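Novice: A structural model of the following input is requested.
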Amino acid sequence: MLISDIKSIYRWAWAFAFACPILFCIPVLVEFAQHVAEMQGGMYASPAGAAAFADDPLRMQFGFAKVLVLLLPGYWLTRFVLFGNDAAAARRVEWPAAGLWSVIFLLSAGQAYWGLFGSPWSELLGVTDEAIASAVDVSIGLVGSVLGIYLVAWGVAWALGNAAIGPLRSIRIMHGSFWRTVVLMIAGALPLMALHYALGYAAIHYGASAFDWTVMVVDSIVTGFLALTITGSWVAAVRHAAAKSGVSLLPNGHSG
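Specialist: Predicted coordinates:
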């Protein structure tokens with residue numbers, strides 16, 4: 001069953017990309033726009049150029065925009081899969097689903113903004129010892145990641161318009177499925193993430209201009225699929241946990 005779910009993650013990504021090509025291309029284009037800025041800033045000219053441009057404000061701004069569009073499949077793909085590979089459901093701005101999921105989007109966007117531009121928690125807590133500060137930041141990050149896994153059913157259900165599943169009920173649904181969810185998330189992210197970093201490394205260390213542009217196009221497409229497989233891992237995990245708990249993810253009155 002676990003292997004079947006991992007396979008499903010990638011099947012869903014391919015099916016969605018072909019069924020909803022315009023939606024699929026939105027993260028791809030934003031990723032490519034970031035690459036244009038990186039190319040113009042000399043990031044792929046050499047390792048030294050990459051180091052110099054890594055924290056450039058323009059790159060960080062594009063990075064935040066990319067994070068925002070990578071969140072969008074949380075609505076699109078979730079609805080596509082759980083409404084039976086329905087492209088119309090994925091594209092439809094449906095109420096109350098769109099309004100409910102907007103809450104999830106804004107919370108995730110705020111978290112991403114804080115991660116990119118905010119101060120470390122240790123600094124806010126006034127911790128000055130470097131070792132202790134590092135431990136505090138890692139601990140808070142770990143707690144947040146664990147909590148995020150338990151809350152994933154909340155985001156999936158609200159994308160479907162099911163307001164009956166909130167944070168507390170999400171925790172109950174995901175209880176007992178934690179490690180399975182971790183495995184699915186790794187399976188959904190690691191292969192394409194490794195390819196993403198390998199392409200970037202190749203562009204920095206081995207590329208000429210024409211090669212780099214080709215790599216950037218390929219990497220943008222990879223990132224588009226990565227957005228889908230990450231979301232697909234959440235959907236697969238929540239679908240299994242909900243079935244195990246005897247809970248319907250669909251809103252009342254929806255036959256699926």
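Novice: can you give me the helices in the stretch 151-256 of the chain?
Specialist: Ranges of helices in the stretch 151-256 of the chain, per DSSP state H, counting those that start in this stretch, are 152-159, 167-174, 178-206, 209-245.
Novice: tell me which of these is the most buried.
Specialist: helix 152-159 (a mean of 27; mean count of other C-beta atoms under 10 Å). Using the backbone N, CA and C atoms, a C-beta is placed for each residue, glycine as well.
Novice: ok, and what's touching stretch 203-213?
Specialist: 39, 43-44, 46-47, 49-50, 215-216, 219 (C-beta atoms under 8 Å, 6 or more residues apart in numbering).
Novice: same list (the helices of the stretch 151-256 of the chain) but as a markdown table, adding mean pLDDT and distance to Ser145.
Specialist: What follows is the helices of the stretch 151-256 of the chain, written out as a markdown table (pLDDT from 0 to 100; distance: least, C-beta to C-beta, whole Å):
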| stretch | mean pLDDT | distance to Ser145 |
| --- | --- | --- |
| helix 152-159 | 96 | 11 |
| helix 167-174 | 96 | 13 |
| helix 178-206 | 93 | 10 |
| helix 209-245 | 93 | 13 |
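Novice: indicate which one of those is closest to Gly126.
Specialist: Evaluated over the helices of the stretch 151-256 of the chain, closeness to Gly126 peaks at helix 167-174, with 29.2 Å, by C-beta to C-beta.
Novice: and that closest one with helix 152-159, angle?
Specialist: Using axes from the mean of the first three to the mean of the last three C-alpha atoms, to 10 degrees, the inter-axis angle of helix 167-174 relative to helix 152-159 is 120 degrees.
Novice: next one: helix 167-174 to chain centre, how far?
Specialist: 20 Å (C-alpha atoms, centre = their mean, to the nearest Å).
Novice: over to stretch 73-81?
Specialist: 12 Å.
Novice: do the same with stretch 78-92
Specialist: In terms of C-alpha atoms, centre = their mean, the centre of stretch 78-92 is found 18 Å from the chain centre.
Novice: again with stretch 239-254
Specialist: With C-alpha atoms, centre = their mean, you get 22 Å for stretch 239-254.
Novice: residues contacting it, please?
Specialist: 1, 5, 82, 97, 153, 156-157, 160-165, 169, 172-174, 176-177, 180-181, 238, 256.
Novice: about what we covered before: and the helices of the stretch 151-256 of the chain as CSV, adding distance to Trp14?
Specialist: Below are the helices of the stretch 151-256 of the chain laid out as CSV (distance: least, C-beta to C-beta, whole Å):
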stretch, distance to Trp14
helix 152-159, 20
helix 167-174, 27
helix 178-206, 12
helix 209-245, 8
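Novice: out of those helices, nearest to Val30?
Specialist: Of the helices of the stretch 151-256 of the chain, the one closest to Val30 (C-beta to C-beta) turns out to be helix 209-245, at 8.6 Å.
Novice: before we move on, back to that, right, so of the helices of the stretch 151-256 of the chain, which gets closest to Val67?
Specialist: helix 209-245 (10.1 Å).
Novice: between the closest one and helix 178-206, how many degrees?
Specialist: Going by the same axes, to 10 degrees, helix 209-245 is angled at 180 degrees with respect to helix 178-206.
Novice: how many neighbours does Ser177 have?
Specialist: Counted with other C-beta atoms under 10 Å, residues neighbouring Ser177 total 21.
Novice: wait, isn't it in contact with Ala237?
Specialist: Yes. With contacts counted by C-beta atoms under 8 Å, Ser177 reaches Ala237, the gap being 6.5 Å.
Novice: just the C-alphas of stretch 65-79, formatted as PDB.
Specialist: What follows is stretch 65-79, C-alpha atoms only, in PDB (Å, rounded to 0.1, in the frame of the first residue of the first chain):
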ATOM      1  CA  ALA A  65       7.300  34.700  -4.800                       C
ATOM      2  CA  LYS A  66       8.300  31.200  -5.800                       C
ATOM      3  CA  VAL A  67       7.300  29.900  -2.400                       C
ATOM      4  CA  LEU A  68       3.900  31.400  -2.800                       C
ATOM      5  CA  VAL A  69       3.200  29.800  -6.100                       C
ATOM      6  CA  LEU A  70       4.500  26.500  -4.900                       C
ATOM      7  CA  LEU A  71       1.700  26.600  -2.300                       C
ATOM      8  CA  LEU A  72      -1.000  26.800  -4.900                       C
ATOM      9  CA  PRO A  73      -1.000  23.100  -5.800                       C
ATOM     10  CA  GLY A  74      -2.300  22.600  -2.300                       C
ATOM     11  CA  TYR A  75      -5.600  23.800  -3.700                       C
ATOM     12  CA  TRP A  76      -5.300  22.700  -7.300                       C
ATOM     13  CA  LEU A  77      -3.900  19.200  -7.000                       C
ATOM     14  CA  THR A  78      -5.800  18.300  -3.800                       C
ATOM     15  CA  ARG A  79      -9.100  19.000  -5.600                       C
END
